[in-house]
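Novice: sequence and predicted structure are below.
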Amino acid sequence: MNERDHGTITLWTLGMVLVVLFIGWLGIGLWTAYAERRELAAAADQAAQAGATALDTATFRTTGARVLQPDLAENRAWNSLAEQDLGAITAAVVNATTDQITIVLESDVDNGLLSLFGGDDEPLHVRVTAIARPREEYP
């Protein structure tokens, strides 16, 4: 072994450990954003389903048409969102008509090391939309 070679393996190993840690930190940042999006999508879907159960029974009994009661649908959707622990939501919109209910949820996720690539400290913005309609017929 040459005198000049002492410590090169140690430095190379230390460099590789730092690279692996950096890549892992980036992966955790991306996974956090993905998990937040998935959680918001599930919450929006659940709220839309709850709202879609608010059928106007009087209209159904007289005409057979499946239409929503907009006020009741929005109320059920808001109740569903309130029952879920969604503390990170920055905006929520619930809009119901007689034909459908739409839920839009937004949240911001700290981007951690991802800001090194974007050049700013702005959080990642996550937005999901769920739309539910009453079924026309049984499957």
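Specialist: Right, received. Where do you want to start?
Novice: could you pull out the strands for this structure?
Specialist: 89-96, 101-109, 124-132 (DSSP state E).
Novice: can you mark which positions in the first one are buried?
Specialist: Judged by neighbour count (16 or more other C-beta atoms under 10 Å), strand 89-96 contains these buried residues: 92, 94, 96. Just so you know, the C-beta spots here come from the backbone N, C-alpha and C atoms, and that holds for glycine as well.
Novice: for that strand, packing partners?
Specialist: Where contact means 3 or more C-beta pairs under 8 Å, 6 or more residues apart in numbering; DSSP states H and E, strand 89-96 is packed against helix 8-52, helix 70-83, strand 101-109.
Novice: returning to what we had before: and the strands of the chain: which comes nearest Q49?
Specialist: When the strands of the chain are compared by C-beta to C-beta, strand 124-132 sits nearest Q49, at 5.9 Å.
Novice: list the buried ones in the closest one?
Specialist: Buried residues in strand 124-132 (16+ other C-beta under 10 Å): 124, 126, 128, 130, 132.
Novice: name the nearest of those relative to A88.
Specialist: Among the buried residues of strand 124-132, and counting by C-beta to C-beta, the member closest to A88 is V126, at 9.0 Å.
Novice: if that closest one is in a bridge, with which residues?
Specialist: When assigned by DSSP bridges, V126 has beta-bridge partners S107.
Novice: residues contacting T59?
Specialist: 65, 67 (C-beta atoms under 8 Å, 6 or more residues apart in numbering).
Novice: lowest confidence element among the helices and strands of the protein?
Specialist: Across the helices and strands of the chain, mean confidence by mean pLDDT, DSSP states H and E is lowest for helix 115-118: a mean of 61.
Novice: my read: Q84 touches A43, true?
Specialist: Yes. Contact criterion C-beta atoms under 8 Å: Q84 and A43 qualify, at 5.0 Å.
Novice: could you measure from the closest residue to L86 other than its chain neighbours over to N95?
Specialist: Excluding its sequence neighbours, the residue lying closest to L86 (C-beta to C-beta, 6 or more residues apart in numbering) is A43, at 5.5 Å. According to C-beta to C-beta, to the nearest Å, A43 and N95 sit 16 Å apart.
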